[in-house]
Structures are given as C-alpha cells and as structure tokens.
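In: here you go, sequence then predicted model.
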Amino acid sequence: MVKTLDKVDVVTVGIGWAGGIIASELGKAGVKVVGLERGENRTTEDFQMIHDEYRYAIRHDLMQDLSKETITFRNNPDEVALPMRQFGAFLIGTGVGGAGSHWNGDTWFFSPYDFQIKTMTEKKYGKNKLPKEYLIQDWGITYDELEPYYEKFEKMAGTSGEPNPLRPERKREYPTPPMKSTPMLDRFEKAAKNLGLHPFRLPSGNISESYTNPDGKTLNQCQYCGFCETFGCEYGAKSTPNVTVVPTALETNNFELRTHANVVAIHHDGKRATGVRYVDVQTGEEFDQPADVVVLTSYTVSNARLLL
C-alpha cells in the first residue's frame, strides 16, 4: 500500500551537484526542500582509507550497480539499444554527492560561442553556409548573462586555476591559485610555448590551498595523492557536494535528506508535475511525495528515463 506524505515546497530527485545546489540555495531562502537519494549518505569520513583500486577503479563501487539497474546504448541509429554490462566513459554515481563525489575536478566553463553557436557561426561564415538539416540553435542565454553564476559557483567550490589565454578575459581571480607544477609539466609548458601555443593549468576542483567558502565551509589543501577519478577524497580537498552545498543545506533546517529513496514515477495532473512516487529500497515500502515543484537532478540518463 502506498503511503501519501505531507506536501512540501520542493522535492529534488537525486542529491549530487545539481540537487545539492538547489537544496542549499532554496534552503537559505526559507523554502522547504526534500531531497530523495536512492543511495546511501556519504561524508569525508566515509572515504577514509579508500585507495582500493580494484573496488573503486575496476568494480566502480561508487557507481550505479548495472546488474540491478542498467542503461541502454546503441552505436548507431540502426541498432537496437542493448543494456550496458560495464561502464565506459559515463560513470553514473549513486549515493549522496553522486558523480560529484568521484569526479576528477576539471571545472571548465562554456565559451561565448557555445551559447550563441548559430548566431556566431552565421556571422563568421554567412547565413547560407549551414545546411537546412543542421539543427543547431542559440541557447537563449549568453555567456555574459551566466558569468555571475559561474563566479558564484567558483566561490562556493573554491576552484583553483589561472586564466585561459584563449577565452574571454576574466573579471576576477580564481578563489585559489592553480595547482602545483611538476618537472614534466614544466617541460611540456616550455615545448608548447616554443610552438607558439598557449599552455595553462586547467581550472580545478582539487583545491591548491585551504579555503573557506562564503557559506563557511572549509575545503582542505590537496595532498596530491592522485586518487581522484572514481574515488572519493578522504582529505576533504576536492570540490564535492558532500563538503559544500549538502552540509550548507542541512544547516538551514529547511532541507530534509532521505536516502535509500528510489524515485520510480513523477505524478502529473495534465498541466504540471505534482509530486513523485518513490520506493524505500531497504524496506520495499512505497511513498507518494506531493510537492509544489519537482526538480530532476538525478544525472542526465536517469532524468530522461523518468521523463519518458
């Protein structure tokens, strides 16, 4: 029997970067948010002594278990989509933090061209150069409009970096300096400059020095252990939802985190979403969670599956 719960202002499906940011910002604004996460809760303490390469890099312990729920893939439009049995490029995280807990920390931004790809392409090559079957469109928002929010994210995440010589001039320094160089990188930089190229150290979510963000959350200095992708950071030195937005959201007392809650359907009244149904994966109980706003923050493929 399905139990209907009390209505809330907002329910998010998944607590990674997107769900954590939504919870943090709305919670600070006084909005009541329930976050549903089908995996377990994780903090920095849960990543202690985690350099088990077989468990995490090979068996992908921090990822969705494809033997229990997989995704399908086709190599070309003529193929029948088949279920994936092992991960490739896209590593779908599970648990609080999601893919944001096991990412490398590369913190790239889109360029002005990405946002206005149709307009800028036609301006450079002419309106008749793009065939009719090309469906590229401008985003409807420009780099300049989004830039203040890029800055807000960087300050929250403590991003380390230095300016990209080929991108728009930055209006501010990165919150923390770029990561350390190495003898190999020094040789690479020299060789690249000799070729007339413009090397620079990429913006990084691996923090170069201890940093406290505007919400009062401290990220520690990277220890250069090399265990970033597919691993959680036991030092609390990597920009993750687990050490930034999720603790901030919880401290507002306007955010309720429910783990082991697997959303299986979105309720809809014909005009708008009215809530979700989820299963407690530990007990098998089903719940309906009504909400004024439903936010899908469960990684692209899971969002698409729920919408379909």
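Out: Done, it's in. Residues are numbered from 1 along each chain as shown.

In: count of neighbours near the closest residue to Gln86 other than its chain neighbours?
Out: Spatially, and ignoring its direct neighbours in sequence, Gln86 is nearest to Leu66 (6.9 Å; CB to CB, 6 or more residues apart in numbering). Backbone N, C-alpha and C define where each C-beta goes, glycine included. Neighbour count for Leu66, taken as other CB atoms under 10 Å: 15.

In: and the strands in the stretch 1-150 of the chain?
Out: 3-4, 8-13, 33-37, 72-73, 82-83 (DSSP state E, counting those that start in this stretch).

In: Lys127: which of those is closest?
Out: Across the strands of the stretch 1-150 of the chain, Lys127 has its closest neighbour in strand 72-73 (36.4 Å, CB to CB).

In: the closest one pairs with which strands, parallel or anti?
Out: strand 82-83 (antiparallel) (DSSP bridges).

In: would you mark the buried spots in stretch 295-308?
Out: 295-299, 302-303, 306 (16 or more other CB atoms under 10 Å).

In: got the contact list for that stretch?
Out: 10-16, 18-19, 22, 71, 90, 92-93, 98-99, 263, 265-266 (CB atoms under 8 Å, 6 or more residues apart in numbering).

In: still on that earlier bit, out of the strands of the stretch 1-150 of the chain, flag the one nearest Cys222.
Out: Nearest to Cys222, of all those, is strand 33-37, at 26.6 Å by CB to CB.

In: what strands line up against the closest one, and which way round?
Out: So strand 33-37, judged by DSSP bridges, has these partners: strand 8-13 (parallel), strand 255-259 (parallel).

In: which of the contacts of stretch 295-308 are buried?
Out: By 16+ other CB under 10 Å, the contacts of stretch 295-308 give 10-16, 18-19, 22, 71, 92-93, 98-99, 263, 266 as buried.

In: how far off centre is stretch 264-279?
Out: Chain-centre distance of stretch 264-279: 24 Å, with CA atoms, centre = their mean, to the nearest Å.

In: dump the C-alpha coordinates for it into PDB.
Out: What follows is stretch 264-279 as a C-alpha-only set of coordinates in PDB (Å, rounded to 0.1, in the frame of the first residue of the first chain):
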ATOM      1  CA  VAL A 264      10.100   5.500  -9.900                       C
ATOM      2  CA  ALA A 265       7.500   7.900 -11.200                       C
ATOM      3  CA  ILE A 266       6.600  11.600 -11.500                       C
ATOM      4  CA  HIS A 267       3.000  12.500 -10.700                       C
ATOM      5  CA  HIS A 268       1.300  14.900 -13.200                       C
ATOM      6  CA  ASP A 269      -2.100  16.500 -13.300                       C
ATOM      7  CA  GLY A 270      -2.100  17.100 -17.100                       C
ATOM      8  CA  LYS A 271      -0.500  20.600 -16.700                       C
ATOM      9  CA  ARG A 272       2.300  20.300 -14.200                       C
ATOM     10  CA  ALA A 273       4.200  17.900 -12.000                       C
ATOM     11  CA  THR A 274       2.600  17.500  -8.600                       C
ATOM     12  CA  GLY A 275       5.000  15.100  -6.900                       C
ATOM     13  CA  VAL A 276       6.800  11.800  -7.100                       C
ATOM     14  CA  ARG A 277       6.500   8.200  -6.100                       C
ATOM     15  CA  TYR A 278       9.500   6.500  -4.500                       C
ATOM     16  CA  VAL A 279      10.400   3.200  -3.000                       C
END
